[in-house]
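Engineer: sequence first, predicted model second:
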Amino acid sequence: MLVLGALTPLPFIASIPDLAQTRTSNRPAYTAPRTPDGKPDLQGIWEARNTAHADLQDHGGSYGILPGLGVVEGGQIPYQPWALAQKQENFKNRETADPLAKCYLAGMPRSMYLPDPFQILQTPREVVMVSEYVDTWRWIPTYGLARYDVTDSWNGDSRGHWEGDTLVVETTGFNDQTWLDHAGDFHSDQMKLVERFTRTAPDTITYEATIDDPKVFTKAWKITMPLYRRTDMPRIMENECYMYADEAGKGVHDDKPGRASPK
Amino acid sequence: MRNWFLRMMIGAALLGAFSLVWPDAVSVALAQGGPQAVKTIGGCPRDPASFRPCALIKAKTFDPPRTPDGKPDFQGFWANQENAAPWDIEPHPASFGVPGGPGDIVDPPDQKIPYTPEALAKRNDIVENHPYDDPQAHCAPAGVPRQNYTPFGLQFVQPLGSFVILYEAQHMYRIIPTDGRPHLPTTVKLWQGDSVGHWEGNTLVVDFANNNGKHWLDMAGNFDTENLHVVERFTMVDADTILYEATLTDPTIYTRPWTIALPFARNKDKNYYLLEFACREGEHDLQHYLDGDQSKNFNVDQKKGDQKK
């Protein structure tokens, strides 16, 4: 090897990193098992195991937030100046202003990386995602169903399609009430969300979400994280957050309607 | 969607008041397109006592569409024909805020819940003293079987190995495994309980247990306990009609098992789908509705944590 190396012309040496990269991408990629209709089988109970639900960006520890590394591509959420100020205000008031403090619907994409597991089910016509958190479903037709003119919804109105081995979900029709994490990161009713679910290992889905919202951000931005299979759960359970609060006398019911992100 | 409770009550009040004053006009109006206008469903009379035997006969000769694994294909969107059971599951006349109807009980023959004397006394106390404590009005999960006659759309989805029901009302869902697994340990009590299913011919049979016993069965104070055991049967009568039956057993409050039945009619609109139902997030009608003396009762009960289960 030494001899070979000594004889190797300089341009070839310079190209070695490229060669290595090519070899990596030529390694046989993971191929997901298939459903009977030939689509990648995403079914099972999944859960993020990170601190994205607390704070999407790199962060140290604070009340209600454990330290963690961020999942935002490029590190920073590209807020417009007014929106950055709003986020900081949200952060200060997070203990009560976070919609999850009232057991409200978590919205998207936050529902996908809560500490609560969710289950994916598939048929040739649709993908269904059901969450333990406040016991809610997300129905994603993949047969080209037209949308109603849905606006002002917490979890939005989703449509899916397959791009190779990836489930791509496009969601609109949001309200401006949900947060993206407990740190007060937020969006407006103009948010357009594109999520990509790809199985990259037997018990792993790589989850990507691109958030585009011209009212709040200077450009579209993206988060990426693995979702892990809960192999220890024979069935999904329930998190009836607001009923537990009622029974514990926490009085969530008496709260005034909250605005998670004042206009 | 947020104002469903109030809208339901107002709608019922209008319907109820109108029918008391001018029953013939109501039947004419309904015949022109109201949901109650449908006199027959799947070729059977719509009142549950007549519908059930008729539907059972028709189902014997109907060969349902199949999923790829050969099971009857129930998939799509459905509307329950609830016969005013959401207001009172027993037969009842119309009154202020309550549309009259036969309810959904088909057995016992008198169509009354076979309560023990103590349980009947409790139900009557609820009617007298706590009529507004319906957990569903607090956005609690309706539970089984109430979800199936709460008047909003529902959807069946059949992935391999399970049967999924999505309910528009309160964004509830049920995953019913059909792989022969046992129930959860009996000490696990859930708002949504635990459902396991299997196929008997063309009928999906669902066994429901692990109930937390905190539900009402309707707005009239009929109730359950954590000992409730339900066997539900879903059978296609024709391509657009399902017979739903549920037998409730609970020796602590019922003297015998009793059965409800009702039709589900397919929603054939190709563009239809279920919408989000945000209840807790926007539901403040109840406070307005209860403004006045009743609201005091309501708040007192809330503070005591007295949920009248």
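Structural biologist: Received the coordinates, thanks. Everything numeric in this text was worked out from a predicted model, so none of it was measured.
Engineer: how deep is the closest residue to residue B:161 other than its chain neighbours tucked in, by neighbour count?
Structural biologist: Distances taken as Cβ to Cβ, 6 or more residues apart in numbering or on different chains place residue B:179 nearest to residue B:161, at 5.2 Å, with adjacent residues excluded. Every C-beta, even on glycine, is put in place using the N, C-alpha and C of the backbone. Using other Cβ atoms under 10 Å in any protein chain shown, residue B:179 has 10 other residues around it.
Engineer: how near is residue B:179 to chain A?
Structural biologist: 10 Å (Cβ to the nearest Cβ, to the nearest Å).
Engineer: correct me, but that residue touches residue B:163?
Structural biologist: No. Counting by Cβ atoms under 8 Å, residue B:163 is not a contact partner of residue B:179; they are 10.8 Å apart.
Engineer: which helix or strand contains residue B:119?
Structural biologist: Assigned by DSSP states H and E, residue B:119 belongs to helix B:117-129.
Engineer: and the host helix or strand of residue A:171, what's its mean pLDDT?
Structural biologist: Element membership for residue A:171, per DSSP H and E: strand A:166-172. Across strand A:166-172, the average pLDDT comes to 98.
Engineer: tell me the buried residues in the helix holding residue B:119?
Structural biologist: Using 16 or more other Cβ atoms under 10 Å in any protein chain shown as the test for burial, helix B:117-129 gives B:119, B:122-123, B:126.
Engineer: who does whichever helix or strand comes after that helix pair up with?
Structural biologist: Sequence order places strand B:154-157 as the next helix or strand after helix B:117-129, per DSSP H and E. If you go by DSSP bridges, strand B:154-157 pairs up with strand B:76-80 (antiparallel), strand B:162-167 (antiparallel).
Engineer: now what about strand B:154-157, what contacts it?
Structural biologist: A:121, A:123, A:126, A:128, A:139, B:74-80, B:147-148, B:163-168, B:264, B:273-274 (Cβ atoms under 8 Å, 6 or more residues apart in numbering or on different chains).
Engineer: before we move on, back to that, dump the following helix or strand past the strand holding residue A:171 to CSV, keeping only the CA atoms.
Structural biologist: Per DSSP H and E, the first helix or strand lying C-terminal to strand A:166-172 is strand A:192-201. Extracted in CSV, the C-alpha atoms of strand A:192-201 (Å, rounded to 0.1, in the frame of the first residue of the first chain):
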residue,chain,number,x,y,z
LYS,A,192,-47.6,24.8,5.3
LEU,A,193,-46.1,21.6,6.6
VAL,A,194,-44.4,18.9,4.5
GLU,A,195,-43.3,15.8,6.4
ARG,A,196,-41.3,12.8,5.2
PHE,A,197,-41.4,9.4,6.9
THR,A,198,-38.8,6.9,5.7
ARG,A,199,-37.9,3.7,7.3
THR,A,200,-34.1,3.6,7.6
ALA,A,201,-33.6,0.6,9.9
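Engineer: ok now the helix or strand that strand A:192-201 is followed by, how far from the chain's centre?
Structural biologist: For strand A:192-201, the following helix or strand on the C-terminal side (DSSP H and E) is strand A:204-212. Between the centre of strand A:204-212 and the centre of its chain there are 6 Å (Cα atoms, centre = their mean, to the nearest Å).
Engineer: would you mark the buried spots in the next helix or strand after strand A:204-212?
Structural biologist: Per DSSP H and E, the first helix or strand lying C-terminal to strand A:204-212 is strand A:221-229. Along strand A:221-229, these residues count as buried under the neighbour rule (16+ other Cβ under 10 Å): A:221, A:223, A:225-229.
Engineer: any idea of the mean pLDDT for strand A:221-229?
Structural biologist: On average, the pLDDT along strand A:221-229 is 98.
Engineer: quick one: mean pLDDT over the next helix or strand after that strand.
Structural biologist: Moving toward the C-terminus from strand A:221-229, the next helix or strand (DSSP H and E) is helix A:241-247. For helix A:241-247, mean pLDDT is 90.
Engineer: which parts of chain B are helices?
Structural biologist: With helices called from DSSP state H, chain B shows them at B:4-21, B:23-31, B:48-61, B:117-129, B:285-289, B:293-304.
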